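S.K.: Sequence below, structure please.
(one chain, ligands or ions: 1)
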Amino acid sequence: MEFIDLKRQYRRIESEVKEAIDRVLSSCRFILGPEVEAFEEEIAAFVGVSHAVSCSSGTDALLLSLMAIGVGSGDEVIVPAFSFFATAEVVALLGAKPVFVDILPDTYNIDPEAVKRAITERTKAIIAVSLFGQCAELEELMRVANDAGVYLIEDAAQSFGATHRGKRSCSIAHISATSFFPAKPLGCYGDGGCVFTDDDEMAERLRALRNHGQTARYKHRYIGINGRLDAIQAAILRVKLKIFPEELELREIAAGRYDALLREKGIDPPVVKDYNTSVYAQYTVRVPNRDWVARYLTESGIPVAIHYPIPLPYQEAFSYLGHKDGDFPVAEEASKQVLSIPFHPYINIEEQIRVVEALSEAIAFSEK
Ligand SMILES: *Cc1c(COP(=O)(O)O)cnc(C)c1O
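M.R.: Numbering: from 1, shown residues only. Below is the predicted model of the structure:
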């Protein structure tokens, strides 16, 4: 069994993917160009925003978002204590201060009340991560951000395709950033990412920033980066975007099966708010004796993962911020209990039964 089985998807789309790659090879247009432009139009339409600016990774999508609003030294950016490292890394990379706040215990997403308390006159932006496939409290956070006169950026690396109060992830915040890392809900076959916005001026700046700040050939208005998307990846993504709506349904069905199987065993499934739909980038439960349970499952041939074992403020790279145990109690508890189990659109019920049986057995043994 695979944790995320990309091969099953590949078998389904193999001939289309090969045709798409061939098209790029024959054109010899490898960076940006018509394939990337077509992809950007298609993905912007899917999300329901005016502009999609593709780029080289989810991390660069976040970095470009912060660069586009001018984040730099002396600025503060509010980020959740519980996420993948990149969310806070990009803030520090630009010389600004990541201001960590705690998360909500049910969805693991940033706590809007904690965000309000963390706003100062130096706050430039809030990054709300839509973790595990479910949007953060984006509408509420937009009100908080607008009241404070700061930007809201959605880190949608795990939530592409999800909805929040009827709107797609990546269409709600001022700027949204997603990742096409192969294992993400919409993945390419290498690194890739995209920034979304309805703001025309912001989109122009993002387009320039991803290409050395260039506004016309060899005319550089800004200090930017080399952060473009490869045409081969764009061509692959166009194939994958076509089957993506159906894969979202398959994700929903597979999650429903896990929910029911887990409840039968007295294990709580993940909480998805009734105003959200999740794409389950991770299907994550909380278990007692987590490390023991994880080891048992691995040894039983069930691949599992821990997202994430260390809250961001306690990462060695952020030790200079001086956070201490107890500063982020909700994130700390989550980091000790979370366990992600195999999940992807093509997982079948037999596999899911095996996972849940093994999980339930592991929990029972661990308590003896
Ligand atoms: C994967 C991920 C990123 C980074 O995306 P890359 O494409 O790997 O650079 C950022 N934030 C979160 C929450 C992620 O899960």
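S.K.: For the residue in the stretch 201-350 of the chain that the ligand sits nearest to, the count of nearby residues, please.
M.R.: Closest to the ligand within the stretch 201-350 of the chain is residue 281: 7.1 Å, counting by C-beta to the nearest ligand atom. From N, CA and C alone the C-beta is placed, and that goes for glycine too. Residue 281 has 28 neighbours, counted by other C-beta atoms under 10 Å.
S.K.: ok, and the closest non-adjacent residue to it?
M.R.: Among residues not flanking residue 281 along the chain, residue 158 sits closest, at 3.6 Å (C-beta to C-beta, 6 or more residues apart in numbering).
S.K.: Quick check: the residue of the stretch 201-350 of the chain closest to the ligand touching residue 181?
M.R.: No - under the criterion of C-beta atoms under 8 Å, residue 281 makes no contact with residue 181, lying 10.2 Å away.
S.K.: so where do the helices sit in the stretch 201-350 of the chain?
M.R.: Taking DSSP state H, counting those that start in this stretch, the helices of the stretch 201-350 of the chain run over residues 231-264, 290-299, 329-337, 349-366.
S.K.: Next, format those helices as JSON lines and append distance to the ligand.
M.R.: Output for the helices of the stretch 201-350 of the chain, formatted as JSON lines (distance: least, C-beta to the nearest ligand atom, whole Å):
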{"stretch": "helix 231-264", "distance to the ligand": "11"}
{"stretch": "helix 290-299", "distance to the ligand": "19"}
{"stretch": "helix 329-337", "distance to the ligand": "14"}
{"stretch": "helix 349-366", "distance to the ligand": "22"}
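S.K.: for the residue nearest to residue 281, helix, strand, or coil?
M.R.: Three-state call for residue 158 (DSSP: H, G, I helix; E, B strand; the rest coil): coil.
S.K.: pLDDT wise, what is the nearest residue to residue 172 once chain neighbours are set aside at?
M.R.: Ranked by C-beta to C-beta, 6+ apart and with sequence neighbours excluded, the top spatial neighbour of residue 172 is residue 138, at 4.3 Å. On pLDDT, residue 138 comes in at 98.
S.K.: likewise the one 4 residues further on?
M.R.: As predicted, residue 142 sits at a pLDDT of 98.
S.K.: What separation do you get for it and the ligand?
M.R.: Distance, residue 142 to the ligand, by C-beta to the nearest ligand atom, to the nearest Å: 19 Å.
S.K.: Quick one: residues contacting that residue.
M.R.: Contacts for residue 142 (C-beta atoms under 8 Å, 6 or more residues apart in numbering) come out as 152, 172, 173, 174.
S.K.: which SS state does it fall under?
M.R.: Under three-state DSSP, residue 142 comes out as helix.
S.K.: Which residue does this structure have closest to the ligand?
M.R.: Residue nearest to the ligand within the chain (C-beta to the nearest ligand atom): residue 58, separated by 2.4 Å.
S.K.: Confirm for me that that residue is in contact with residue 89.
M.R.: No - at 11.4 Å, residue 58 does not count as touching residue 89 under the criterion of C-beta under 8 Å.
S.K.: And for residue 335, nearest residue in space, chain neighbours not counted?
M.R.: Using C-beta to C-beta, 6+ apart, the closest residue to residue 335 is residue 311 (5.3 Å).
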